[in-house]
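J.: how would this look folded up:
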Amino acid sequence: MEISPWLSLILLFFSALVALVTAWSLKGTEKRYKGLNLPPGSMGWPLLGETIAFRKGHPCTRLGEYMEKRINKYGKIFKSNLHGAPTVVSADAELNRFILHNDGRLFEPSWPTSLVNILGKKSMIIASGDTHHYLKSLAINFMSVPRLCSHFLGDAEQSILQTFSTWVEHTPFPLKEEAIKMSFNLIVKHILSKKPGEPETEQLRKLFMCFMRGAVAMPINLPGTAYRKALKSRAAILTIIYRLMAERIHQKKDGWDEIGEDSDLLGFILEQSNLDAEQFADLLLGLLFGGHETSSTAMTLAIYFLGDSRRALEELREEHIQIVKLKKERGETGALTWQDYKKMEFTRCTLSASTTRDDSYMAFSHGIRRCPGQELAKMEITIFLHHFVLNFDWESAELDHPLASPFPEFPKGLPIKVHKLSLDM
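T.: Numbering: from 1, shown residues only. You can find the predicted model right below:
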């Protein structure tokens with residue numbers, strides 16, 4: 001089949017145009033950063049930079065092709081262009097700690113516009129200086145240890161057991177999706193007082209699943225893309241949050257508050273702060289997002305790795321059997337207490353060791369950017385493991401391994417089959 005002369009000319013024209021734009025962009029980039037003492041590296045293609053290579057999925061147990069190639073070529077610190085922004089990438093643990101420790105003093109945080117549009121320009125993660133400090137203090141006070149003991153522990157256990165009760169033996173299901181339900185039901189209750197199973201709770205959970213996919217997607221704002229869908233999900237979530245805020249303010253003015261100002265974060269912030277509506281909404285959205293996605297991923301990863309570590313599983317299970325036996329000896333039945341949680345030393349030490357195994361690994365970040373919900377996450381994962389290893393054995397239903405692209409995820413959601421246990425306790 002012959003190509004028409006006109007088509008050949010059109011292809012030649014577009015090829016020349018692409019080459020011209022590329023050359024112009026590279027020349028402009030070189031001129032813009034000439035004289036700056038930047039590390040070696042490559043800015044990649046115009047507009048896209050090196051984002052596609054950076055986002056390419058790889059096993060979570062490795063750094064991945066993007067990092068490995070550039071570290072071998074340029075060293076642990078190199079320049080790049082990611083998500084439409086010139087970027088210095090650091091795989092140097094000492095430098096990373098130094099930057100995080102001096103956040104707001106020697107270094108000013110900066111985020112790609114695409115991420116700011118998703119999380120909100122007034123969200124806690126985007127904010128800096130006094131604003132960040134104030135927003136973080138609200139989150140820390142709300143998730144303090146006394147509140148974990150009095151408010152979160154019982155609800156975390158209830159959410160986990162309620163989800164377990166829906167599982168059918170020998171029937172495959174994606175564990176990641178179930179872990180999301182457990183974590184989301186807990187955090188949405190404590191932020192907005194929404195109960196599990198309510199239509200609006202399920203609506204919010206589905207919106208956040210779409211929101212999460214877009215938050216880590218290529219920032220292409222075109223119809224049908226994950227990024228565009230995430231922006232729409234954000235707008236829908238904010239509509240619900242603003243409505244709930246207005247309802248609660250109206251109740252306070254009327255002197256009637258069915259929920260109580262200290263029962264959820266919405267009431268807590270209305271009583272304790274003077275945030276404007278946008279700050280308020282972005283804070284709630286950010287904590288709803290961060291308060292369930294990371295915990296559910298950690299739960300799923302724990303079961304994935306325990307499946308290949310029978311010795312660790314046996315030791316873990318034995319500790320939790322002893323917890324139950326001690327409760328019975330004291331004449332206690334029913335829900336776990338804070339004292340029970342503190343006795344889960346092997347489990348908690350395993351979590352602590354895995355998140356602080358050496359100075360190069362900062363699971364909860366560092367400095368003023370340290371995660372305000374780290375103790376809640378540890379407690380939630382521990383309670384999940386307690387009930388999971390006492391109630392179930394399991395097997396993989398389909399081969400599935402965690403990939404980073406760039407955040408950890410299971411392509412199939414880690415499908416498993418569970419078998420109920422009858423342990424001597």
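
J.: part of a strand, is L316?
T.: No. Applying DSSP: H, G, I helix; E, B strand; the rest coil, one finds L316 to be helix, outside a strand.

J.: show me the contacts for it.
T.: L306, F346, T347, T350, L385, V389 (Cβ atoms under 8 Å, 6 or more residues apart in numbering). Heads up, the C-betas are built off the backbone N, CA and C, glycines and all.

J.: which single one of the residues you listed is nearest to I180?
T.: Nearest to I180 among the contacts of L316: L385, at 16.7 Å, using Cβ to Cβ.

J.: can you tell me the closest non-neighbouring residue to the residue nearest the centre of the chain?
T.: Note on the chain: the residue nearest the mean C-alpha position is T294, at 3.6 Å, using Cα atoms, centre = their mean. Ranked by Cβ to Cβ, 6 or more residues apart in numbering and with sequence neighbours excluded, the top spatial neighbour of T294 is A377, at 6.5 Å.

J.: count of neighbours near A377?
T.: A377: 23 surrounding residues under other Cβ atoms under 10 Å.

J.: what about it, distance to L351?
T.: 9 Å (Cβ to Cβ, to the nearest Å).

J.: again with A246
T.: In this view, A246 and L351 are 40 Å apart by Cβ to Cβ.

J.: likewise for D155?
T.: Taking Cβ to Cβ, one finds D155 at 20 Å from L351.

J.: and what of G214?
T.: Going from G214 to L351 by Cβ to Cβ gives 30 Å.

J.: if we can go back for a sec, surely the residue nearest to the centre of the chain and Q374 touch.
T.: No. Using Cβ atoms under 8 Å, T294 makes no contact with Q374, being 9.8 Å away.

J.: more crowded one of D155 and L351?
T.: Set D155 next to L351 and count neighbours by other Cβ under 10 Å: L351 wins out with 20 against 15.

J.: skip the chain neighbours and tell me the closest residue to that one.
T.: Using Cβ to Cβ, 6+ apart, the nearest residue to L351 is K378, at 5.5 Å.

J.: which residues of the stretch 1-150 of the chain fall in helices?
T.: With helices called from DSSP state H, counting those that start in this stretch, the stretch 1-150 of the chain shows them at 5-32, 51-55, 65-74, 93-101, 113-119, 129-142, 145-147.

J.: mean pLDDT for those helices: which is lowest?
T.: With a mean of 50, helix 5-32 has the lowest mean pLDDT of the helices of the stretch 1-150 of the chain.

J.: poorly predicted segments of the stretch 201-350 of the chain, please.
T.: Residues of the stretch 201-350 of the chain meeting the criterion pLDDT under 70: 255-262.

J.: show me the residues around V145 that make contact.
T.: Contacts for V145 (Cβ under 8 Å, 6+ apart) come out as E375.

J.: for it, give its distance to L376.
T.: Distance from V145 to L376, by Cβ to Cβ: 10 Å.

J.: what about the strands in the protein?
T.: 58-59, 77-82, 85-90, 173-174, 392-396, 403-404, 408-409, 415-420 (DSSP state E).

J.: closest one to R370 among the ones you listed?
T.: Of all the strands of the chain, strand 85-90 comes closest under Cβ to Cβ, at 18.0 Å.

J.: hmm, who's touching the closest one?
T.: Against strand 85-90 from outside (Cβ under 8 Å, 6+ apart): 29, 33, 38-39, 41, 43, 67, 70, 76-82, 96, 99, 110, 112-113.

J.: stretch 392-411 now?
T.: The contact list for stretch 392-411 (Cβ under 8 Å, 6+ apart) reads 54-60, 64, 164, 172-174, 176, 216, 297, 300-301, 303-304, 307, 412-421.

J.: I am finished for the moment; much appreciated.
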